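J.: Structure for this input, please:
(12 chains)
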Number of protein chains: 12
Amino acid sequence: MTILVLHGPNLNLLGTREPDVYGKTTLAEIDAMVAEAAKPAAVVSFQSNHEGELIDKLQEQAWDGVLLNPGGFTHTSVALRDAISSIAASVVEVHLSNIYAREEFRQRSLVSGVCTGVVSGFGAQSYLLGLQALLKEKA
Amino acid sequence: MTILVLHGPNLNLLGTREPDVYGKTTLAEIDAMVAEAAKPAAVVSFQSNHEGELIDKLQEQAWDGVLLNPGGFTHTSVALRDAISSIAASVVEVHLSNIYAREEFRQRSLVSGVCTGVVSGFGAQSYLLGLQALLKEKA
Amino acid sequence: MTILVLHGPNLNLLGTREPDVYGKTTLAEIDAMVAEAAKPAAVVSFQSNHEGELIDKLQEQAWDGVLLNPGGFTHTSVALRDAISSIAASVVEVHLSNIYAREEFRQRSLVSGVCTGVVSGFGAQSYLLGLQALLKEKA
Amino acid sequence: MTILVLHGPNLNLLGTREPDVYGKTTLAEIDAMVAEAAKPAAVVSFQSNHEGELIDKLQEQAWDGVLLNPGGFTHTSVALRDAISSIAASVVEVHLSNIYAREEFRQRSLVSGVCTGVVSGFGAQSYLLGLQALLKEKA
Amino acid sequence: MTILVLHGPNLNLLGTREPDVYGKTTLAEIDAMVAEAAKPAAVVSFQSNHEGELIDKLQEQAWDGVLLNPGGFTHTSVALRDAISSIAASVVEVHLSNIYAREEFRQRSLVSGVCTGVVSGFGAQSYLLGLQALLKEKA
Amino acid sequence: MTILVLHGPNLNLLGTREPDVYGKTTLAEIDAMVAEAAKPAAVVSFQSNHEGELIDKLQEQAWDGVLLNPGGFTHTSVALRDAISSIAASVVEVHLSNIYAREEFRQRSLVSGVCTGVVSGFGAQSYLLGLQALLKEKA
Amino acid sequence: MTILVLHGPNLNLLGTREPDVYGKTTLAEIDAMVAEAAKPAAVVSFQSNHEGELIDKLQEQAWDGVLLNPGGFTHTSVALRDAISSIAASVVEVHLSNIYAREEFRQRSLVSGVCTGVVSGFGAQSYLLGLQALLKEKA
Amino acid sequence: MTILVLHGPNLNLLGTREPDVYGKTTLAEIDAMVAEAAKPAAVVSFQSNHEGELIDKLQEQAWDGVLLNPGGFTHTSVALRDAISSIAASVVEVHLSNIYAREEFRQRSLVSGVCTGVVSGFGAQSYLLGLQALLKEKA
Amino acid sequence: MTILVLHGPNLNLLGTREPDVYGKTTLAEIDAMVAEAAKPAAVVSFQSNHEGELIDKLQEQAWDGVLLNPGGFTHTSVALRDAISSIAASVVEVHLSNIYAREEFRQRSLVSGVCTGVVSGFGAQSYLLGLQALLKEKA
Amino acid sequence: MTILVLHGPNLNLLGTREPDVYGKTTLAEIDAMVAEAAKPAAVVSFQSNHEGELIDKLQEQAWDGVLLNPGGFTHTSVALRDAISSIAASVVEVHLSNIYAREEFRQRSLVSGVCTGVVSGFGAQSYLLGLQALLKEKA
Amino acid sequence: MTILVLHGPNLNLLGTREPDVYGKTTLAEIDAMVAEAAKPAAVVSFQSNHEGELIDKLQEQAWDGVLLNPGGFTHTSVALRDAISSIAASVVEVHLSNIYAREEFRQRSLVSGVCTGVVSGFGAQSYLLGLQALLKEKA
Amino acid sequence: MTILVLHGPNLNLLGTREPDVYGKTTLAEIDAMVAEAAKPAAVVSFQSNHEGELIDKLQEQAWDGVLLNPGGFTHTSVALRDAISSIAASVVEVHLSNIYAREEFRQRSLVSGVCTGVVSGFGAQSYLLGLQALLKEKA
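T.: Numbering: from 1, shown residues only, chains lettered A, B, ... in the order given. Okay, the predicted model is just below:
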């Protein structure tokens, strides 16, 4: 079983960027935690600032599940939404911060409507909770 | 440590009401699962169709954490929002269904803005994931 | 066969409150008229200013049909809407006044979408017409 | 006493058009049922796909009451609304389907504000209930 | 020189319909006043409750000017707007009542944007003022 | 096989009306081109400024396909939309101009939602392309 | 009898400012035309770029009628609206250009709702037509 | 003379809840101050988190005046609005904080439209000022 | 201690203008009542129809408190809002009528957000209540 | 003559992705059909999930015409719109599904306003019809 | 060459008013800096809290260029916009703060649409940059 | 000191694309002008049609300042906004045209809220003015 963990734009800066909003954990640390927690399932982690590369990666192979933090594309990308619809895998949307408690334009997600569910607001923990939901569904 | 699990209106019908939307697990089963998973923390479960009783319960004692599924009040209750703001405990909002994939008027929560985070769309599992987030925060 | 007649907030004041809008017939008179017209079906009439009590009553037993005048909750209660969805009985929404001819905020009903139909604007007669629709459906 | 029963556009196709939405009863059958139920009052039934003909008919004589199913004009015709305002007769608006449970653009009626009341969602029965309201008012 | 005076739906009832809003002058009286004031120009007056007949009349010949009271079509007819655009004559829009002081939905005219100008609120006088504007332009 | 070509209001003026927007081809020329291109299928062409006549024509017989340019009714007619829904034939919506590049109120079509597809912006050519789509579907 | 002719901001530039929109006639010429046409009634003309001075002038004495071109204040001044409400005189709103055919923000007038009527789009002629309406009402 | 002082949801927590927003005075202290200031009029103070109990209390007897702080129900309760309309007493709406300076959704009150007036933003002092307005009106 | 009482446009007409809305008390009477009630504090009263003069007056000296009835500027003046922000004194907003019970466009105040609080709906009494709030704060 | 056929995000999955919405034809099959139909004109086909690559391709050379299916970028890309404006070639927008009959957010295209025309709803046939429009224009 | 530097309401308080938003430089210092930088062009500086005086000044003479900080009038004054349109000079809009990063109602300027360009967010430096743009255009 | 000059989509076509909107200066010429004006600071210029590449470049190193013309991404890219927030450098937004005078959808910038300031409407000069603002801040 292979899980894709997909991180959207600017998440590569995690741990340095606006730590009061996003926390101090780095992306590498999150990836390591998720990989550890997912065992024996394999995890492929991928970050990009390019919407197209995120879509390419979603289409790359028949993933058993996807953990997706779409970052800034959450609110603007119909293309990403369509990519999620067009693959067979369950996709769980995760956010570090509680997006529903932020600026008005961040309170709507264009992709939630085609995801299995959403986990938002628990920092790096959001990824681990989302992973569990995926694994549970596969079990 | 005592966790309050608070269920809003109509959730008492769980397992019988619109099972294609909300699943077949009953509320008693969810309460049992949460209590089991929370150990050694104590869990107090409470359901009501009365907005006022939910607020009274939130104010009843100094809870260590609250797992809240506000049901239909999610979208209409400023009073519940204010009650959450007025207590010291972390409140995690959970939903059985993915509310962001449902009718337009269900896609906005009036309480998310004052909760720690949100877990939505994983059926009974949403409660367990929300519980973990609470326990982790307390750990 | 048992029909529930459910009256929302402030309808207990009927006959005294704003008679130019709501008429002079009292709630007791309406209940008597409906009970008479429903025969041989039994009628249970219930009024409350508490949203939660209205929901509790809807869930109380397996009604054969419900005549519902949600009063001020018409425009604000998702919880009531969910309660209607979660029971098996047909629910007919009735209003004494023509809500579509009143203030802007009264022209939308949050519950109509899950009711069988709506009768609005005929005073106490609205209840009798709604009752007939229920009985016809059961016949 | 003469009652006008006025059917708007496409209602001539009743019984064949989208039967899952509008039922299998034909317009002729509805007209017959209404005429029978109205006795001893006389009934004039008229259907047209032309907004202008509906207005002409409303103005044609001093009707004692009007049963109006405006069909698609419900949501778009200020001219029909003005015609209703400009005649002395009570006008009762009826709909076969529950318009408040359909597409967003069908949930608002431009004419309800100048009608006595509205009956919506009970199929052919909506006409009979509306008729009773008219007769009761005249009694 | 020939001026077309075009009256929209329900204006045939003028003098009887809602006299507190529209005054007591009849349409025939208005037509006579306009014909008198227009001399030596010829005047053709036409009223219809049918949007299509109003458009047909606009297209019927090359009018030297048009005085148009679109009645209820003011707020709903793109077809009438297009007809105005598609003819060479100047069209002056007139209203008996001050539409900008009435219900919200009457405060916008779909046709004003393609008319030369608008006169609204002076009762039958609105027609005479509009006529003068037309004649002045032709002089 | 018989195809109905239905032209909405003001299209009879084609070739003379606003030629910079709608081109110089007349309606008769378009009808001839369509009839030629449709062979051996028969074509019935009909233009009207009356919404009701367009609806009557749609209902007149069981057409094998309909090419519809609703003109100004595109943006305002729920009745026309309902007529399309109520017949069995495929309806293809065509526009001479690119309506999505014009005034805001022209960018929405009330009928597209119940048509098979839309061709907009290619002048008289729009009809021929729409016809091909209809014929292809029937082939 | 004394008529006040009140010109709002920038109208002092008339004849030089954007002549394609507002024409070549100067404000002095308009004032002269109005004074001539009003005889034997007296006319007081006043222009100001100051909203407060326009209000002061409206309150200055008990005018028999007011011809008001509010210029840019048309769309923004509740204070001017209140001043009109607070005086006894009839106020007729006039505009040189057809404001309903201009930018979206110019299509609404905040003052029309408390004026007797509106004349818009006939250049300097708008003043003369508005004057006639005032005189007619006084006659 | 008896004045009802009615406190909405969460106001029982006053003095502890978000003191930077609502101040440090407790509800008991406010009730004492109001009772003192009202003399010789009698004061009945009542707080509830239940919308229905607030409505019941309003209807309980013929109060000579009501001081109402609807708390979170300010923005969501049509039922409370209707209760105010249905009683004879003057109702004065008071708020501790200046609701017009807070979140967007707090800036609108659903009940102000049927109250005599509003006092907002002066902490516990708001109650005393509202009381004076009531007493003055009775004097 | 010096209190500024600032009256906006048209308030000079108080007592004569729309007495059913604003009452019969004149501005001079209000000023006298406020001056009396404020003792021993000094009161400077100022009315203007000019937005600029109101701003000038606010900036004129370091007032100890300001009682402001912005009249029609309430709903339109960002400049007045900025003036309030830019001075050190507490500003209390008062209205004679209950603005929240009037036309839609009067229900929002652009200045409330930067005032200490608001008193609305008690006629001349609103000024006295607002004054008390100011004096209390200074005490 | 060289025609560019540009396919937006996720269209590479055609034939497998949501076949009930998009049909079973693959992108390669569509490209072959278009190339065949375009002869003797040359066709360059290009698909990308990257908005930037689509823009690069549009700018790559002076195309004689462009057939563009922008996929999910239809509703979100101002950059693509600007690219279309900045090249000399005619661009025809095509969609497999009838976007005007889908979710609300898919009913608006940000690029239509700068395209020659739109063909939507005919499956793979949409490309062939769009191609004809391009070739006809070049002929 | 003469440049007009026009400062809107409350800018006379610069350096004292909300220094964290607007900085500590006084208006006199800004005027001196601009005058120095403009040499050999002459500079006329003018500040007013009166919209009418700003318009009067714009019309006073044929300026060679205008630097305009409209302050609070930015968001509310159509009259100022019209004044800018009605003069020949280029007008450059400047703001001390970045208005697009402030409250929602400050993010739209009613005058930008008729200015040459906008400089916003650089404190006193905004004036100098705007001046350069003016001088460059004149060079 | 190193300044990044970042040009968004389609700006590579500068000088050829819509010269009446964007001017005739090429991007290379702008880059040369900026480099010259920035001395002795170093300038890195970069243009891309790929949102992701613009974000990558912003993150590439610790720039001392950024001059950003986001082109079409101005109105649609939350990801770019987040990238600006996540770096330490001051970012100045520049536009060749006055975006506030263009189509409605171009009048809002999603990135302005996190930039230091904005310069819009002065052609190539906008870059030079923005550069000065950056250099001044660093001085």
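
J.: so A:Lys57 touches A:Gly8, yeah?
T.: No: distance between A:Lys57 and A:Gly8: 11.1 Å, which falls outside the contact criterion (CB atoms under 8 Å). For every residue, glycine as well, the C-beta is placed using N, CA and C.

J.: any common contacting residues for the two?
T.: Shared contacts of A:Lys57 and A:Gly8 (CB atoms under 8 Å, 6 or more residues apart in numbering or on different chains): A:Ser48.

J.: okay, these two: which has more neighbours?
T.: A:Gly8 (23 against 20; other CB atoms under 10 Å in any protein chain shown).

J.: Not counting its neighbours along the chain, what's nearest that one?
T.: A:Gly71 (3.0 Å; CB to CB, 6 or more residues apart in numbering or on different chains).

J.: now that neighbour: how far from A:Thr2?
T.: 22 Å (CB to CB, to the nearest Å).

J.: Now do the contacts for A:Gly72.
T.: A:8-10, L:77-82.

J.: would A:Leu68 count as being in a strand?
T.: Yes: using DSSP: H, G, I helix; E, B strand; the rest coil, the assignment for A:Leu68 is a strand.

J.: Give me the pLDDT value at it.
T.: Looking at A:Leu68, its pLDDT stands at 98.

J.: ok, now which ones touch the residue in chain A positioned nearest to chain D?
T.: The minimum distance from chain A to chain D, using CB to the nearest CB, falls at A:Gly113 (17.2 Å). Contacts for A:Gly113 (CB under 8 Å, 6+ apart) come out as A:81, B:98, B:100-101.

J.: so which pair among the residues you listed is furthest apart in space?
T.: Distance extremes for these: the farthest pair is A:Arg81 and B:Asn98 at 13.8 Å, using CB to CB.

J.: on that earlier part again, quick one, which of A:Gly71 and A:Thr2 is more surrounded?
T.: More crowded of A:Gly71 and A:Thr2, by other CB under 10 Å: A:Gly71, with 25 against 14.

J.: so that one makes contact with A:Pro9?
T.: Yes: judged on CB under 8 Å, A:Gly71 makes contact with A:Pro9 at a distance of 4.6 Å.

J.: I'd assumed A:Gly52 was in contact with A:Phe73.
T.: No: contact criterion CB under 8 Å: A:Phe73 and A:Gly52 do not qualify, at 10.8 Å.

J.: Now stretch A:87-97 - C-alpha only, CSV.
T.: Extracted in CSV, the C-alpha atoms of stretch A:87-97 (Å, rounded to 0.1, in the frame of the first residue of the first chain):
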residue,chain,number,x,y,z
ILE,A,87,-8.4,9.6,-9.7
ALA,A,88,-9.7,6.6,-7.8
ALA,A,89,-8.0,7.2,-4.5
SER,A,90,-9.5,8.6,-1.4
VAL,A,91,-8.1,12.1,-0.8
VAL,A,92,-8.1,13.6,2.7
GLU,A,93,-7.6,17.4,2.9
VAL,A,94,-5.5,18.7,5.8
HIS,A,95,-4.5,22.1,7.0
LEU,A,96,-2.0,23.1,9.7
SER,A,97,-4.0,26.2,10.8
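
J.: what comes up buried for it?
T.: A:87, A:89-97 (16 or more other CB atoms under 10 Å in any protein chain shown).

J.: quick one on the thing from earlier: want to throw the contacts of A:Gly72 into CSV with distance to I:Val43?
T.: Listed next are those as CSV, based on distance: CB to CB, whole Å:
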residue, distance to I:Val43
A:Gly8, 61
A:Pro9, 60
A:Asn10, 57
L:Ser77, 55
L:Val78, 53
L:Ala79, 57
L:Leu80, 55
L:Arg81, 50
L:Asp82, 53
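
J.: So which of these sit within helices?
T.: L:78-82 (DSSP state H).

J.: Make a markdown table out of these and add distance to chain D.
T.: Shown next, in a markdown table, are the ones in helices among the contacts of A:Gly72 (distance: CB to the nearest CB, whole Å):
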| residue | distance to chain D |
| --- | --- |
| L:Val78 | 28 |
| L:Ala79 | 32 |
| L:Leu80 | 34 |
| L:Arg81 | 32 |
| L:Asp82 | 33 |
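
J.: Could I get those residues in CSV, plus columns for neighbour count?
T.: Below are the ones in helices among the contacts of A:Gly72 laid out as CSV (neighbours: other CB atoms under 10 Å in any protein chain shown):
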residue, neighbour count
L:Val78, 22
L:Ala79, 27
L:Leu80, 28
L:Arg81, 22
L:Asp82, 24
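
J.: Now tell me what touches stretch A:31-46 from outside.
T.: A:1-7, A:53-54, A:57, A:63-64, A:67, A:124, A:127-128, A:131-132, A:135, A:138.

J.: Which ones among the residues you listed map onto strands?
T.: A:2-7, A:67 (DSSP state E).

J.: quick one: A:Leu13 and L:Ser86 touch, right?
T.: Yes: the criterion here is CB under 8 Å, and A:Leu13 meets it with L:Ser86 at 5.0 Å.

J.: Which helix in chain A has the most residues?
T.: In chain A, with assignment by DSSP H, the single longest helix is helix A:125-138.

J.: give me the element A:Ile30 is part of.
T.: Following DSSP states H and E, one finds A:Ile30 within helix A:27-38.

J.: now do A:Ser45
T.: Here A:Ser45 is assigned to strand A:42-47, by DSSP H and E.

J.: again with A:Phe122
T.: A:Phe122 belongs to no helix or strand, assigned by DSSP H and E.

J.: What's the separation between it and I:Asp20?
T.: Noted for A:Phe122: a distance of 58 Å to I:Asp20, by CB to CB.

J.: count of neighbours near the residue in chain A that chain H sits nearest to?
T.: The nearest approach of chain A to chain H comes at A:Glu104, 8.9 Å away (CB to the nearest CB). Residues within reach of A:Glu104, counting by other CB under 10 Å, total 8.

J.: List the contacts of A:Glu104.
T.: Counting by CB under 8 Å, 6+ apart, A:Glu104 has no contacts.

J.: brain fart, A:Asn10
T.: Applying CB under 8 Å, 6+ apart to A:Asn10 gives the contacts A:17, A:49, A:71-72, L:55, L:59, L:79, L:82-83, L:86.

J.: Could you report the pLDDT at A:Gly52?
T.: In this model, A:Gly52 carries a pLDDT of 98.

J.: Tell me, how many residues neighbour it?
T.: Using other CB under 10 Å as the criterion, the residues surrounding A:Gly52 number 22.

J.: Between the two ends of stretch A:70-82, what distance do you get?
T.: Counting by CA to CA, to the nearest Å, you get 13 Å between the two ends of stretch A:70-82.

J.: Please state the offset of that stretch from the chain centre?
T.: Per CA atoms, centre = their mean, to the nearest Å, the displacement of stretch A:70-82 from the mean C-alpha position of its chain is 11 Å.
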